[in-house]
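*Asks:* next one to model:
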Amino acid sequence: MAENNDILQQISNQINQITQNLDGTIAQIEALNRRIEQNSKNITESLTNVNENMRLIIEVIKKGRANTQEDLEKIHTQVANEIQKLWDEKSLESITKEELDAIEKLKDINKSVGENLYMSQLLTIIQSLQDITSRALTVKAQKSK
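*Replies:* Numbers count the residues shown, from 1 in each chain. Okay, here's the model as predicted:
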């Protein structure tokens, strides 16, 4: 009987040790889970901040691009008006070679400004498409969570 009690006591002691070990493991897992949740929260906040910063940067770029495009359009219009004024005010015979060269340079500048406007508009379209794609991917990523 005493031998049975000793065996039962050993089994009880082993079960108590296993229970204590499991309690410690569970506590470690819970602590790890809390840290993972906190890290996930921090990452989400950081991503939100990055997205907001990118949105603000894009707005600044768009505003700068719009201002540049307006300035280029004004220059384009002014150059075109000056060329027309030169042609209207002076007859073809009275225009000197230097003036013809100046007019050709103005035409080249006007052409370059026009090309820059075209490229600026293409850039605007491309960046708008990138913005739309980025938003779509963000929405898709949020929906898949």
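*Asks:* ranges for the helices of this protein?
*Replies:* 2-89, 97-144 (DSSP state H).
*Asks:* with mean neighbour count as added columns, please give those helices in TSV.
*Replies:* The way it works is simple: take the backbone N, C-alpha and C, and place the C-beta from them, glycine included. Formatted as TSV, the helices of the chain follow (neighbours: other C-beta atoms under 10 Å):
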stretch	mean neighbour count
helix 2-89	11
helix 97-144	12
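*Asks:* pLDDT wise, what is the most centrally placed residue in the chain at?
*Replies:* Closest residue to the average C-alpha location of the chain: M54 at 4.4 Å, with C-alpha atoms, centre = their mean. M54 is assigned a pLDDT of 86 by the prediction.
*Asks:* do the same with A80
*Replies:* 82.
*Asks:* again with L32
*Replies:* 91.
*Asks:* residues touching the residue nearest to S120 when sequence neighbours are not counted, list them.
*Replies:* In space, S120 comes closest to Q69 once its chain neighbours are excluded; the distance is 4.9 Å by C-beta to C-beta, 6 or more residues apart in numbering. Residues in contact with Q69 (C-beta atoms under 8 Å, 6 or more residues apart in numbering) are 117, 120-121, 124.
*Asks:* so where's this structure shaky on pLDDT?
*Replies:* Applying pLDDT under 70 to the chain picks out residues 89-96, 145.
*Asks:* from V50, how far out is V139?
*Replies:* Distance from V139 to V50, counting by C-beta to C-beta, to the nearest Å: 16 Å.
*Asks:* hang on, N116 packs against E73?
*Replies:* No. Using C-beta atoms under 8 Å, N116 makes no contact with E73, being 10.0 Å away.
*Asks:* OK, contacts around the spatially closest residue to V113 that is not a sequence neighbour?
*Replies:* Counting by C-beta to C-beta, 6+ apart, the nearest residue to V113 once its immediate chain neighbours are dropped is H76, at 4.4 Å. Neighbouring residues of H76 by C-beta under 8 Å, 6+ apart: 110, 113-114, 117.
*Asks:* how much space between H76 and S120?
*Replies:* 11 Å.
*Asks:* just N53 next, same as before
*Replies:* 24 Å.
*Asks:* do the same with E45
*Replies:* 36 Å.
*Asks:* same question for N51.
*Replies:* Applying C-beta to C-beta to N51 and S120 gives a distance of 26 Å.
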